[in-house]
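Engineer: Attaching a predicted model along with its sequence, questions to come.
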Amino acid sequence: MALFVGMRTNPAGTRQGKVVLAEHRDIQDPELGGRYTVKVYESEKGPDDEGGWTHQVVRLKPDSTEPGFEPIVLRGLDDGELRIVAELVDVLP
């Protein structure tokens, strides 16, 4: 069975709870390896020193109950260290 997946590149706005294609130099996806992964995005934000906010923790969570799929937890990210390449828009049978 083939599935067609629609992705929006360079998404803007909140990513909370969305399925995203993420790139990070230290990501080691257990299924495919490499620095890209497709996961559900979740973040915790906190104040920064300049009166704005920053990501304290970003979790890239698998949308699976299969054993061996674990969240990727990233803390203390520098600007540009994690890039959200695209977000899932639709899946068509």
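Structural biologist: Nice, thanks for sending it over.
Engineer: What is the neighbour count of the residue lying closest to Arg15 once chain neighbours are set aside?
Structural biologist: With CB to CB, 6 or more residues apart in numbering as the criterion, Arg15 has its nearest non-adjacent residue at 4.3 Å, and that residue is Tyr41. Backbone N, C-alpha and C define where each C-beta goes, glycine included. Tyr41 is flanked by 20 other residues according to other CB atoms under 10 Å.
Engineer: check contacts around Tyr41.
Structural biologist: For Tyr41, the contacting residues are Arg15, Gln16, Gly17, Lys18, Val19, Val20, Ala22, Val58, Arg59, Leu60, Lys61, Ile84, by CB atoms under 8 Å, 6 or more residues apart in numbering.
Engineer: got the contact list for stretch 68-82?
Structural biologist: Applying CB under 8 Å, 6+ apart, the contact partners of stretch 68-82 are 22-27, 29-31, 37, 39, 55-62.
Engineer: Derive a ChimeraX selection command for the buried subset of those residues.
Structural biologist: Remark: buried members of these, expressed as a ChimeraX selection using 16 or more other CB atoms under 10 Å:
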select :22,23,24,27,29,37,39,55,58,60,61,62
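Engineer: Which ones among the contacts of stretch 68-82 lie within helices?
Structural biologist: Here DSSP state H is the test, and the contacts of stretch 68-82 give no hits in helices at all.
Engineer: No further queries at this time; thank you.
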